[in-house]
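1. how would this look folded up:
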Amino acid sequence: MSRIMIIEDDAPIRQELAQLLNNAGYETELVTDFSDLLPIVLASSADLLLLDINLPHTNGEMLLRDIRKERDIPVIMVTSRTNELDEVLSMSYGADDYITKPYNPTILLLRISAVLKRSSSAQRQLTYRGFIADPAKGTLSGSGSELTLTKNEMIIFQALLDNQGQIVSRDQLMTALWDNEEYINDNALTVNISRLRAKLADIGCVDAIETRKKQGYILV
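-> Got it, this is the predicted structure:
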């Protein structure tokens, strides 16, 4: 069961988040002392942080920047601010996602699930035909060579690798891209798959991705 730390100074919102997460099957850790947050976060065994920007004694974005110097724990910013600059700053400081209040509970739970899934996948070693895939770095390495994939190509490759030997529909791939805050249209998906095929062929993985018309794709 994943454990989520809630760093939110508004008590009613904090309790509302805790109830939502508990009902969804998560454990929660509530922060109520905001005087010295960094040691509290670093000492926690939480799997993900829900972090507000407006906090007593500190700014959530600055706290995020300090956290990133020490840990790679997934962080979702939850804030009432709607300024695009705040979102840009949060993402540049290492936030995994950003959602504004009032939030849709279902959307928040989907975002949490997606971030935890990405984090788990990034920590897991993925192998394919003797090559090791590193989703965090976007690389596929082995046999003295290293292949660099774009973010979209790695998302597609990982979705196919997670379901190797099974057909993955175009809709499933589009959903995987959406979960990772990427949006591409149908034609762009086709282009990304073609480029991924070509790159895999360059390292000797010829005919790695088969097209099953009207069904999807399969990694063989």
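2. mind checking which helix or strand the residue nearest the centre of the chain is in?
-> Residue closest to the average C-alpha location in the chain (Cα atoms, centre = their mean): residue 115, at 3.6 Å. Per DSSP states H and E, residue 115 falls inside helix 105-123.
3. just checking, next helix/strand downstream of that helix?
-> Using DSSP H and E, the next helix or strand after helix 105-123 towards the C-terminus is strand 126-128.
4. partners of that following strand, with directions?
-> In the sheet, strand 126-128 lines up against strand 131-134 (antiparallel) (DSSP bridges).
5. I'd guessed residue 21 sits against residue 4; true?
-> Yes - Residue 21 is within contact range of residue 4, at 5.6 Å (criterion: Cβ atoms under 8 Å). Where C-beta positions appear, they are placed from N, C-alpha and C, glycine not excepted.
6. list the residues that contact both of those two?
-> Residues touching both residue 21 and residue 4 by Cβ atoms under 8 Å, 6 or more residues apart in numbering: 28, 112.
7. chain center to stretch 6-20, what's the gap?
-> 22 Å (Cα atoms, centre = their mean, to the nearest Å).
8. what's the average pLDDT for it?
-> In this model, stretch 6-20 has an average pLDDT of 94.
9. any residues touching it, and which ones?
-> By Cβ under 8 Å, 6+ apart, the residues outside stretch 6-20 that reach it are 21, 28-32, 34, 37, 41, 49-52, 54-56, 60, 63, 78, 101, 105, 108-109.
10. and with 6 Å instead?
-> With Cβ atoms under 6 Å, 6 or more residues apart in numbering as the test, stretch 6-20 has contacts from 28, 30, 31, 34, 50, 51, 52, 55, 56, 105.
11. Next, count neighbours for the closest residue to the second one other than its chain neighbours.
-> Read that as residue 30. Nearest residue to residue 30 in three dimensions, chain neighbours excluded: residue 6, at 5.3 Å (Cβ to Cβ, 6 or more residues apart in numbering). Residue 6 has 23 neighbours, counted by other Cβ atoms under 10 Å.
12. which strand residues sit across from residue 98 in the sheet?
-> Beta-bridge pairing of residue 98 under DSSP bridges involves residue 77.
13. Quick check: pLDDT value at it.
-> Residue 98 is given a pLDDT of 87.
14. from now on call the first residue 22
-> Taking 22 as the first residue, the last one we looked at is residue 119.
15. wouldn't it be in contact with residue 97 here?
-> No - taking Cβ atoms under 6 Å as the definition, residue 119 is not a contact partner of residue 97, at 7.1 Å.
16. which residues of the chain fall in strands?
-> All strands of the chain, identified by DSSP state E, fall at 24-28, 48-51, 69-72, 75-76, 79-80, 96-100, 118-121, 147-149, 152-155, 160-163, 166-169, 230-233, 237-240.
17. For residue 187, find the nearest of the ones you listed.
-> strand 237-240 (6.6 Å; Cβ to Cβ).
18. coming back round to it: same list, the strands of the chain, but as JSON lines with distance to residue 34 please.
-> Formatted as JSON lines, these follow (distance: least, Cβ to Cβ, whole Å):
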{"stretch": "strand 24-28", "distance to residue 34": "9"}
{"stretch": "strand 48-51", "distance to residue 34": "11"}
{"stretch": "strand 69-72", "distance to residue 34": "10"}
{"stretch": "strand 75-76", "distance to residue 34": "11"}
{"stretch": "strand 79-80", "distance to residue 34": "18"}
{"stretch": "strand 96-100", "distance to residue 34": "9"}
{"stretch": "strand 118-121", "distance to residue 34": "13"}
{"stretch": "strand 147-149", "distance to residue 34": "38"}
{"stretch": "strand 152-155", "distance to residue 34": "37"}
{"stretch": "strand 160-163", "distance to residue 34": "40"}
{"stretch": "strand 166-169", "distance to residue 34": "42"}
{"stretch": "strand 230-233", "distance to residue 34": "45"}
{"stretch": "strand 237-240", "distance to residue 34": "41"}
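19. I'm done for today, thanks for sticking with me.
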